[in-house]
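Student: need coordinates for the below:
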Amino acid sequence: MRPLRRLWPALEALPGLAAVTEEWKDRFGDDFDAGRELLRLTNRRAEAYPCPSPGGFGCPRRVVDHGNGKLVAVCGDRPKRCDKLMLTKQDIAIHEVDVRKLCAGAAVAFGIEPTFDEISDLCHTYRVGDYHPEAGKRFPIFLTIQTDRASLRDVAARLCAATEPAFILLVPTPRLIDMAMTELLGRQEARFVALVDIFEKAENSALRANDAAGQIVSDFHETVLPKEKAGSPEHFPTPPDATWGDVIIEFVDGHTVSARCNSASGRYNYTQMGMVDRRSGNPDVQWRLLSELADGHGQLDWGASAARPENKKRKQTLNQRLSAFFGIEGEPITWDKQAKNYSCRFQLAPD
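Tutor: Below is the predicted model:
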């Protein structure tokens, strides 16, 4: 494979991302065979046609329709620099960049599910999809195609303001990026990635992603999900899109549980699950409540001997700890008004 040195800069040099085939050939150069994959035919027709001359007040050539299918490109310079050129309807058909297809290709390169969405109020800016390494963790990947530094700076600033987690912002080339923009994104662990660095031209002239995309995702992962410090609560490797109904917790002994969720499993103690009393080092009241719920196989009746008024607050805190550990949205333990008991939405069993 070889780098695409003409294709990506061309996208940043053409406002509107649309032109006739002749202009795309001129801008893409040797990359046209690969770049044509990203173009789609529109129902629009050009009113001007590219000139071979350096350009003057009458450039580009004006398209004149003489009727009966007779189309002519006419030079507007005086004296004329270009000869008249007979055209066909195909010659003046406008092709635009298929941003949905480009975003889909980027999603495949990063190994994510494509969820194309055009970002309102941001010109030529799109959501490619989300990097979803584990349950409860989603980091958006955006694509923006701008033609000047001020516009790119505005897009970067507005995405930072509107996006809480870290994100990746794809751009055709790094040409418009400056240090201030890099630092702006860096403050929330976001980063720029240039398409020129992750796509190349294959031997059959097709557009193909190289190995750089995988390394970029790996580096991004290490930044946004660093390894846990010793002694701090851990996070269960919950598969993406898992629900509380997929979780099974079984007590092994008074200090340890076995946890499973679809294909992921492991053994964890109360410290690893963030339920340690920092003063004594012993299990805290949330761990004891979890154990009491296990004795009832996931239920705790209000009339049971273990039921206490203070468990209402403890249940709320236990929900927070379990949600942080598994990264699954929604309450794992609910209050059933009719049955008057606490009920786990996951399977829970004693030792």
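Student: and the end-to-end length of stretch 171-178?
Tutor: 13 Å (Cα to Cα, to the nearest Å).
Student: now do the buried residues in that stretch.
Tutor: Neighbour-count burial for stretch 171-178, with 16 or more other Cβ atoms under 10 Å as criterion, is recorded at 171-173, 176-177. The C-beta positions use only the backbone N, C-alpha and C, and glycine is treated the same way.
Student: low-confidence regions, the protein specifically.
Tutor: The chain contains residues with pLDDT under 70 at 53-58, 226-232, 302-310.
Student: give me that answer again for 50
Tutor: Scanning the chain with the threshold set as pLDDT under 50 gives 230.
Student: what residue lies at the spatial centre of it?
Tutor: Ile141 (2.5 Å; Cα atoms, centre = their mean).
Student: is it true that that one touches Phe110?
Tutor: Yes. Using Cβ atoms under 8 Å, Ile141 is in contact with Phe110, at 6.3 Å.
Student: list residues touching both of these two?
Tutor: 128-129, 131, 168 (Cβ atoms under 8 Å, 6 or more residues apart in numbering).
Student: need the longest helix for this structure.
Tutor: Using DSSP state H to define each element, the chain has its longest helix at helix 311-326.
Student: skip the chain neighbours and tell me the closest residue to Ile145.
Tutor: His124 (4.5 Å; Cβ to Cβ, 6 or more residues apart in numbering).
Student: what's the neighbour count on the one you found?
Tutor: Residue neighbour count, defined by other Cβ atoms under 10 Å, stands at 19 for His124.
Student: begin at 84 from now on, thanks
Tutor: From this message on, residue numbering opens at 84, which makes the last subject His207.
Student: how near is it to Leu253?
Tutor: Relative to Leu253, His207 is positioned 12 Å away (Cβ to Cβ, to the nearest Å).
Student: hang on, the earlier thing: could the shared contacts of Ile224 and Phe193 be laid out in a markdown table, adding distance to Ser346, neighbour count and secondary structure?
Tutor: Below are those laid out as a markdown table (distance: Cβ to Cβ, whole Å; neighbours: other Cβ atoms under 10 Å; DSSP: H, G, I helix; E, B strand; the rest coil):
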| residue | distance to Ser346 | neighbour count | secondary structure |
| --- | --- | --- | --- |
| Val211 | 26 | 27 | strand |
| Gly212 | 22 | 22 | strand |
| Tyr214 | 19 | 23 | strand |
| Ile251 | 26 | 21 | strand |
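Student: rewinding a little: of all the buried residues of stretch 254-261, which two lie farthest apart?
Tutor: Pro255 and Ile260 (10.9 Å; Cβ to Cβ).
Student: against which helices or strands is the host helix or strand of Ala117 packed?
Tutor: In the assignment (DSSP states H and E), Ala117 maps to helix 115-118. With contacts defined as 3 or more Cβ pairs under 8 Å, 6 or more residues apart in numbering; DSSP states H and E, helix 115-118 has these neighbours: helix 90-94, helix 104-111.
Student: quick check: buried residues in the helix or strand harbouring the residue nearest to the centre of the chain?
Tutor: Using DSSP H and E, Ile224 sits in strand 220-227. Across strand 220-227, burial judged by 16+ other Cβ under 10 Å covers 220, 222-227.
Student: mind giving me the packing neighbours of it?
Tutor: For strand 220-227, the packing partners by 3+ Cβ pairs under 8 Å, 6+ apart come out as helix 182-193, strand 208-217, helix 232-245, strand 251-254, helix 295-307.
Student: can you report how many residues lie near the nearest residue to Tyr425 once chain neighbours are set aside?
Tutor: Distances taken as Cβ to Cβ, 6+ apart put Leu383 closest to Tyr425, at 4.4 Å, once the chain neighbours are dropped. Leu383 has 22 neighbours, counted by other Cβ under 10 Å.
Student: does Leu383 belong to a helix, a strand or coil?
Tutor: strand (DSSP: H, G, I helix; E, B strand; the rest coil).
Student: if we can go back for a sec, could I get the helices and strands packed on strand 220-227 as CSV with distance to Ala156?
Tutor: Listed next are the helices and strands packed on strand 220-227 as CSV, based on distance: least, Cβ to Cβ, whole Å:
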stretch, distance to Ala156
helix 182-193, 29
strand 208-217, 34
helix 232-245, 31
strand 251-254, 34
helix 295-307, 41
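Student: between those, which gets nearest to Thr265?
Tutor: Of all the helices and strands packed on strand 220-227, the one in closest proximity to Thr265, counting by Cβ to Cβ, is helix 232-245 (9.2 Å).
Student: orientation of that closest one relative to strand 220-227 in degrees?
Tutor: Helix 232-245 runs at 160 degrees relative to strand 220-227, counting by axes from the mean of the first three to the mean of the last three Cα atoms, to 10 degrees.
Student: list the buried residues in helix 232-245.
Tutor: 234-236, 238-239, 242-243.
Student: now distance to Lys172 too, for those residues, in CSV please.
Tutor: Below are the buried residues of helix 232-245 laid out as CSV (distance: Cβ to Cβ, whole Å):
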residue, distance to Lys172
Ser234, 34
Leu235, 36
Arg236, 41
Val238, 36
Ala239, 41
Leu242, 40
Cys243, 45
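Student: any idea how many residues pack against Ile281?
Tutor: With other Cβ under 10 Å as criterion, Ile281 counts 21.
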